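Visitor: Need coordinates for the below:
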Amino acid sequence: MVTHSNVKNLVKILIGAAWLDGRIQPEERQYLREIAQAKGLASDPEIKPWLYELVPVQPKECYEWVREYLGDRPSLEDCENLIEAISGLIYSDGDVAIEEARLLTELQDITKPNALAQPAHTQLLKQIQKLYRRWVEVQN
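Guide: Numbering: from 1, shown residues only. The predicted structure follows:
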């Protein structure tokens, strides 16, 4: 079930992911503001300082938000949705920073314990592999 809290956490994660390389690219800035507006969070007092770059997000915060969002036993759907959302942000500027690739690796690591118990996670891992392949192609 998608709650306001989950949507807000997702927007926080996206903002944090944009900050992973130390600064928000213009394309990422536009993408984030459009997402926040579409989700009705552009003027949220908690989101606003990060969204308008008044306060930087530290990588540690971003990873904490990811763990809070996914919980102890993330569902395949939650993981896929998060990867899809982060991918949209990552590819908005046409450049995948090393830090952003690490976040995708972290997501893969979070889902690994469940991969053995749930074969459906194989599809998630394939999606991550596809993202890496696309990233490598862009780098060449």
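Visitor: Can you pull out the low-pLDDT segments for this structure?
Guide: Residues of the chain meeting the criterion pLDDT under 70: 1-4, 93, 108-126, 139-140.
Visitor: List the contacts of residue 20.
Guide: 59, 62, 97, 99-100, 102-103 (Cβ atoms under 8 Å, 6 or more residues apart in numbering). Where C-beta positions appear, they are placed from N, C-alpha and C, glycine not excepted.
Visitor: Now intersect those with the strands, please.
Guide: In strands, judged by DSSP state E, none of these are found.
Visitor: Which among the residues you listed count as buried?
Guide: Buried positions within the contacts of residue 20, assessed by neighbour count (16 or more other Cβ atoms under 10 Å), are 59, 62, 97, 100, 103.
Visitor: got the contact list for the residue nearest to the spatial centre of the chain?
Guide: By Cα atoms, centre = their mean, the mean C-alpha position of the chain lies nearest to residue 86, the distance being 3.4 Å. By Cβ under 8 Å, 6+ apart, the contact list for residue 86 reads 13-14, 17, 100, 103-104, 107.
Visitor: Kindly report the same for residue 97.
Guide: Counting by Cβ under 8 Å, 6+ apart, residue 97 has contacts 20-21.
Visitor: now do the one 5 residues further on
Guide: Taking Cβ under 8 Å, 6+ apart as the criterion, residue 102 is in contact with residue 20.
Visitor: tell me the phi and psi of residue 44?
Guide: Dihedral pair for residue 44: phi -60, psi 130, per degrees, to the nearest 10.
Visitor: Name the nearest residue to it, sequence neighbours excluded.
Guide: The shortest distance from residue 44 to any non-neighbouring residue, by Cβ to Cβ, 6 or more residues apart in numbering, is to residue 8 (6.9 Å).
Visitor: which strands and helices sit next to the strand or helix carrying the one you found?
Guide: Secondary structure assignment for residue 8, by DSSP states H and E: helix 4-19. Under the contact definition 3 or more Cβ pairs under 8 Å, 6 or more residues apart in numbering; DSSP states H and E, helix 4-19 sits against helix 26-38, helix 48-51, helix 59-70, helix 76-92.
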